[in-house]
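Visitor: sequence first, predicted coordinates after that:
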Amino acid sequence: MYPIVLNIENKRVLVVGGGKVATQKTKMLLGQNAEITVVSPALTETLHTYALNHQIQWRERDFVQSDTKDAFLVIAATNNRNVNALVRESCFDGQLVNVVDSPEASNFYNMAFLDRGKLKIAISTEGASPLLAKQIKQDLNDFFDDGYEDYLNFLLAAREKIKLTVNDEERKYTLLQELLQDKLRKNEEERQLFLSSIY
């Protein structure tokens, strides 16, 4: 498998199913500015709220094969293996498809995902054990606390300033290495002092 981070902004995403698993998959998609359509006769309370808030489009019916047309990404997440298989059969080459009960029929897997602003960490077991991926995510969550988001923003600002103002390649490399000091990760005052030292 080849790991990537996928930009789905303004892309059409289809989720087939309205239960717990479909809800989990849809939650992961929200906030990506994708056009999310959920096809299911019924929805969980959470998905219904998303529909009422116009965060998703809900087609209140059973899946039909034409639903996959023009979808960039398709997730088959019903509790019916036959329906999930039909969703997969309805997709064409080039579409990204995840069948929740059949990893071998999928051409991508959802990963457990840790998000700290510009820091993104994805964990995959290639479908072998989603629970293990979830446990690893929790372990990482304890280490990469919320402070990493501010730290990454600082790293970006410092790196840009170094690139623009420092011409000596050796000093540039030294400064970039110094950015990784623990004191800069934890202390806002130290960050400001570092930025002021770049000239």
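Guide: Ah, there it is. Since this is a predicted model, take the numbers as computed values, not measurements. Residues are numbered from 1 along each chain as shown.
Visitor: helix or strand right after the lengthiest helix in the chain?
Guide: What stands out as the longest helix in the chain, according to DSSP state H, is helix 147-165. Going down the chain from helix 147-165, the next helix or strand is helix 169-178, by DSSP states H and E.
Visitor: buried stuff in that following helix?
Guide: Residues of helix 169-178 classed as buried by neighbour count (16 or more other Cβ atoms under 10 Å): 172, 175. For glycine as for every other residue, the C-beta is placed from the backbone atoms N, C-alpha and C.
Visitor: which elements pack onto that helix?
Guide: Under the contact criterion of 3 or more Cβ pairs under 8 Å, 6 or more residues apart in numbering; DSSP states H and E, helix 169-178 touches helix 147-165.
Visitor: angle of the helix it packs on against helix 169-178?
Guide: Orientation check (axes from the mean of the first three to the mean of the last three Cα atoms, to 10 degrees): helix 147-165 against helix 169-178 gives 170 degrees.
Visitor: show the pLDDT at residue 107.
Guide: Per-residue confidence at residue 107 stands at 92 (pLDDT).
Visitor: ditto for residue 115
Guide: Confidence score, pLDDT, at residue 115: 85.
Visitor: mind checking the SS state of it?
Guide: Secondary structure for residue 115, judged by DSSP: H, G, I helix; E, B strand; the rest coil, is strand.
Visitor: list the buried residues in stretch 128-143.
Guide: Buried-residue list, stretch 128-143, by 16+ other Cβ under 10 Å: 130, 133, 136-137.
Visitor: give me the contacts around it.
Guide: Contacting residues not belonging to stretch 128-143 are listed as 111-114, 121, 123-125 [Cβ atoms under 8 Å, 6 or more residues apart in numbering].
Visitor: same question, stretch 95-103
Guide: In contact with stretch 95-103 (Cβ under 8 Å, 6+ apart) are residues 6, 17, 21, 25, 68, 71-77, 81, 84-85, 87-88, 91, 105-110, 126-127.
Visitor: tell me which residues in it are buried?
Guide: 95-100.
Visitor: of those residues, closest to residue 175?
Guide: The shortest approach to residue 175 among the buried residues of stretch 95-103 belongs to residue 96, at 40.5 Å (Cβ to Cβ).
Visitor: quick check: that closest one vs residue 111, distance?
Guide: The gap separating residue 96 from residue 111 is 13 Å, by Cβ to Cβ, to the nearest Å.
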